[in-house]
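[1] I need the structure of the sequence given here:
(one chain, ligands or ions: 1)
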Amino acid sequence: MRSAYALLVDAELLPQCSAKGCRASAVWALHWNNPKLHTPEYRKIWLACDDHRESLGTFLELRGFLREVTAFGAIS
Ligand SMILES: [Zn+2]
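    As a prediction, the model looks like this:
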């Protein structure tokens with residue numbers, strides 16, 4: 001049980017990329033909003049590693065959902 005707990009803690013300290021199947025640590029936060037589902041102030045956040053920042057960002061941008069991309073609090 002002790003190791004399972006350690007894994008949980010690690011996941012919290014090192015949030016992972018939102019791309020399917022990717023387990024890299026997130027370094028970017030993509031803030032987006034779907035006007036059909038969300039109020040204008042609402043922001044959904046996807047986390048992305050360096051490799052997926054562009055593909056996830058493009059996915060959102062094509063749909064007109066992307067609002068902002070910020071560096072995700074790097075834990076050194
Ligand atoms: Zn990734």
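[2] Could you use CA atoms for every contact and neighbour count after this?
    OK.
[3] List the residues that contact residue 71.
    By Cα atoms under 8 Å, 6 or more residues apart in numbering, residue 71 lies in contact with 27-29.
[4] Would you list the phi and psi of residue 56?
    In this entry, residue 56 is assigned phi and psi values of phi -70, psi -40 (degrees, to the nearest 10).
[5] May I have the phi/psi pair for the residue most central in space within the chain?
    Closest to where the C-alpha atoms of the chain average out (Cα atoms, centre = their mean) is residue 47, at 1.1 Å. Residue 47 adopts backbone torsions of phi -100, psi 150, taken as degrees, to the nearest 10.
[6] Then residue 61?
    When quoted as degrees, to the nearest 10, the phi and psi of residue 61 stand at phi -70, psi -40.
[7] Show me which residues of the protein sit near the ion.
    17, 22, 49, 52 (Cα under 5 Å from the ion).
[8] A strand includes the second one, no?
    Think residue 22. No. Judged by DSSP: H, G, I helix; E, B strand; the rest coil, residue 22 forms no part of a strand; its state is coil.
[9] Could you save the residues of the chain next to the ion as a markdown table and add columns showing secondary structure and pLDDT?
    As requested, these are arranged in a markdown table below (DSSP: H, G, I helix; E, B strand; the rest coil; pLDDT from 0 to 100):
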| residue | secondary structure | pLDDT |
| --- | --- | --- |
| 17 | coil | 94 |
| 22 | coil | 95 |
| 49 | coil | 95 |
| 52 | coil | 97 |
